[in-house]
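Asker: here is the input, now give the coordinates:
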Amino acid sequence: EVEKGEVEKNRSSDCWLELGQAAIIAYSATKEERFLELFISTFDKFMQFRDFEVGRVDYYRKRKLKSWGSFLKNGDNQDVIFYNTVTFTGGIVFPVIKFCKVVLGDELLRKKHGEKVSKYLKVVEDAVAEFMNEFVIMKEINGGYFIALDDNRNVEPMNHSHYFAATLVELYSLTGKNIYLQMAEMMSRYFLAAISKDDNDSYWWGYRPVPDNLKNRPPEPIWKGRRTIILPLTAYENGIIFTNKDMKAFAKTFTSNIYRGNNTFNIFIGNNKYQPLLRKNVRKEFEERVQALAGWILLDKFDPR
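Answerer: Got it, this is the predicted structure:
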């Protein structure tokens, strides 16, 4: 799809998010540089299709952004329009910032790919900068969230914005720029304020918490939740906001709320809503998302089960 110039499709972003991360994990496990070369050859093509490179104007912002837009339905009238979201951009830049971190952490890789990392970091920072003025601070909790321009300026769901937030965490760790730390901390506090704790000490949260209703929401499905947890995972690894106690509670979300024994799983992350993970219980357009169950394995360091 990248070779055809069709980066605007959501499928491209989803494939790159998963496979880009997979390439970095594969290199980290094997030290086989073919995985890094594959990463580079693919993302170099992605860079060619940023909106300002191809001349596409964002429907809402009325300008060409240094990020990647997509053709999506307008929340007001459901017409298909072209615009940018933190979801789409976060999904593209998160694997890139992980690549940069791996290279900068190895002297030999720095010598070989240091120039590439400098270029990639500039691309990531340029893309992130396009959304910074759309961040809303909630003073009472010293937290914040991104607005969804396509939905009457509503709050972007956390599973939409947390890969973007995780990128901010890694940008801070690589650049030391406080703006990234401050925003990542505020998004983390907003998330924590939206979390409920079950009697079994697990955490659960709703889809799209809003400032005037942070907790009274139905629990997220597992395919959305596994994206939401990328912020606490990345923040914890960098010593930001989340504690080991928090991470064990997220692990318990899987071992107690999602997994129900005897090879049965809950579609939702909370005990207060149970629906077995069976084909008949999943809407047809979501059938492929059940694979997201595997994404929760990232919590294995807090509970190997």
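
Asker: can we go C-alpha only for contacts and neighbour counts from here?
Answerer: Noted.

Asker: just the C-alpha atoms of the biggest helix by length in the chain, please, in PDB.
Answerer: For the chain, the longest helix by residue count, based on DSSP state H, is helix 107-129. Provided in PDB are the C-alpha atoms of helix 107-129 (Å, rounded to 0.1, in the frame of the first residue of the first chain):
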ATOM      1  CA  GLU A 107      27.300   2.500  19.700                       C
ATOM      2  CA  LEU A 108      27.700   0.400  16.500                       C
ATOM      3  CA  LEU A 109      24.200   1.100  15.400                       C
ATOM      4  CA  ARG A 110      24.700   4.800  16.100                       C
ATOM      5  CA  LYS A 111      27.700   4.900  13.800                       C
ATOM      6  CA  LYS A 112      25.700   3.100  11.100                       C
ATOM      7  CA  HIS A 113      22.300   4.700  11.400                       C
ATOM      8  CA  GLY A 114      22.900   7.900  13.400                       C
ATOM      9  CA  GLU A 115      22.200  10.200  10.500                       C
ATOM     10  CA  LYS A 116      19.000   8.300   9.800                       C
ATOM     11  CA  VAL A 117      17.900   8.700  13.400                       C
ATOM     12  CA  SER A 118      18.400  12.500  13.200                       C
ATOM     13  CA  LYS A 119      16.200  12.600  10.200                       C
ATOM     14  CA  TYR A 120      13.600  10.400  11.700                       C
ATOM     15  CA  LEU A 121      13.500  12.400  15.000                       C
ATOM     16  CA  LYS A 122      12.900  15.600  13.000                       C
ATOM     17  CA  VAL A 123      10.000  13.900  11.200                       C
ATOM     18  CA  VAL A 124       8.500  12.600  14.400                       C
ATOM     19  CA  GLU A 125       8.800  16.000  16.200                       C
ATOM     20  CA  ASP A 126       7.300  17.800  13.100                       C
ATOM     21  CA  ALA A 127       4.300  15.400  13.100                       C
ATOM     22  CA  VAL A 128       3.700  15.700  16.800                       C
ATOM     23  CA  ALA A 129       3.900  19.500  16.700                       C
END
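
Asker: next SSE downstream of that helix?
Answerer: strand 135-138 (DSSP states H and E).

Asker: report the backbone C-alpha coordinates of that next one in CSV.
Answerer: Only the C-alpha atoms of strand 135-138 are listed here, as CSV (Å, rounded to 0.1, in the frame of the first residue of the first chain):
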residue,chain,number,x,y,z
PHE,A,135,-4.5,19.6,23.8
VAL,A,136,-6.9,20.6,26.5
ILE,A,137,-5.8,20.9,30.2
MET,A,138,-8.1,19.9,32.9
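
Asker: other residues contacting it?
Answerer: For strand 135-138, the surrounding residues in contact (C-alpha atoms under 8 Å, 6 or more residues apart in numbering) are 143-147, 186, 211.

Asker: average pLDDT across it?
Answerer: If you average the pLDDT over strand 135-138, you get 95.

Asker: thinking again about what came up before, elements contacting the longest helix of the chain?
Answerer: Applying 3 or more C-alpha pairs under 8 Å, 6 or more residues apart in numbering; DSSP states H and E, one finds that helix 107-129 makes contact with helix 86-104.

Asker: and the helix it packs on, what does it pack against?
Answerer: Under the contact criterion of 3+ C-alpha pairs under 8 Å, 6+ apart, helix 86-104 touches helix 10-30, helix 107-129, helix 158-175.

Asker: of those helices, which is nearest Ser196?
Answerer: helix 158-175 (14.7 Å; C-alpha to C-alpha).
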